[in-house]
Each structure stands twice: as structure tokens, then as C-alpha cells.
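Asks: Turn this into a structure:
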Amino acid sequence: MTDTDRTLTVTPQPHRAGLVVLKVAGELDHHTAPSLRQAIDDVPYAAGVAVILDVSELLYCDSTGLTVFINAHHRAEAAGSVLGIAGLRDDLGRVFKITGLDQFFTLHADVEEAVASALG
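Replies: Residues are numbered from 1 along each chain as shown. So this is what the prediction gives:
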């Protein structure tokens, strides 16, 4: 695989509950992380705003990608926002568990579960 074979798409998806949902699909590594970082930077974090990262179509994530998630968490926390990760695949879920990130993030089976949790 060459560097140009790596693709990542980040698609903002309006949600009827007024939440910010970012659908992340493809491979998240040091080549593609700037795309997710930019999309996260574009989110209007504020108290009471819930942000959900839908990673159900994320096929790969290296340590650079994990760092992007951690930075998003810090940004949301500082603004009083809620950040949830939805649809974590089993292989990436193991990475989150091994690294302890499963204790750091609120993980949800899917977007609707994340929405229900955010709305309380």
C-alpha cells in the first residue's frame, strides 16, 4: 500500500436531536489524521453541545489517530461539551481496552445509543 492508497472521510451528519455527529470512515493514521483533526476543530464546542464520533466505518487507527481522539476529548471537556464515540469495531475496541482508553471515553454501540445517552 502506498501513502496515496490511504483514505479517510469525515462527514458531518445533522441529527434531528440537534447534536453534532461526525461520521469517520476509512483509515486513520499519520497521513490522514489532519482531515479528522480539522473536522473536529470545526465543531462548535460549547456547554451543553454533544458531539458524537461515529466510527462504525473506521477500518484502521494508529497511535496518531488515538491522539486525535484524545485531543478531541480534552477540547470537549474544556468547553463543557459531551463527546461520545459510537460504533467502535471489535478490533479497535481491543486497542482502546489495551491502552486504557475505554476508561477515558464514553463508548456506545451505535449513534442512536450515543444520542440517547447525550440527551439524558
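Asks: Longest strand in this protein, please.
Replies: strand 50-61 (DSSP state E).
Asks: could you point out which element follows that one?
Replies: Sequence-wise, the next helix or strand downstream of strand 50-61 (DSSP states H and E) is helix 63-79.
Asks: Can you list the helices and strands that that following helix packs against?
Replies: Helix 63-79 sits against strand 20-28, helix 33-41, strand 50-61, strand 82-86, with contacts defined as 3 or more Cβ pairs under 8 Å, 6 or more residues apart in numbering; DSSP states H and E. The C-beta positions use only the backbone N, C-alpha and C, and glycine is treated the same way.
Asks: So what's the gap between it and the chain middle?
Replies: Distance of helix 63-79 from its chain centroid, counting by Cα atoms, centre = their mean, to the nearest Å, is 9 Å.
Asks: any idea of the angle it forms with helix 33-41?
Replies: 10 degrees (axes from the mean of the first three to the mean of the last three Cα atoms, to 10 degrees).
Asks: List the contacts of helix 63-79.
Replies: 28-30, 33, 36-37, 40, 45-47, 49, 51, 53, 81-83, 85, 95, 99, 101, 104-105 (Cβ atoms under 8 Å, 6 or more residues apart in numbering).
Asks: and those, which are buried?
Replies: Among the contacts of helix 63-79, those scoring as buried are 28-29, 33, 36-37, 40, 45, 49, 51, 53, 81-83, 85, 95, 101, 105 (criterion: 16 or more other Cβ atoms under 10 Å).
Asks: hmm, back to that, out of the helices and strands packed on helix 63-79, which is closest to Glu112?
Replies: strand 82-86 (8.3 Å; Cβ to Cβ).
Asks: So what touches the closest one?
Replies: 49-56, 69, 72-73, 76-77, 105-111, 113-114, 117-118.
Asks: hmm, try it at 7 Å
Replies: 50-56, 72-73, 76, 105-108, 110-111, 113-114, 117-118 (Cβ atoms under 7 Å, 6 or more residues apart in numbering).
Asks: Could you do stretch 40-49 as well?
Replies: Val20, Val51, Val68, Ala72, Arg75, Ala76, Ala79, Gly80, Ser81.
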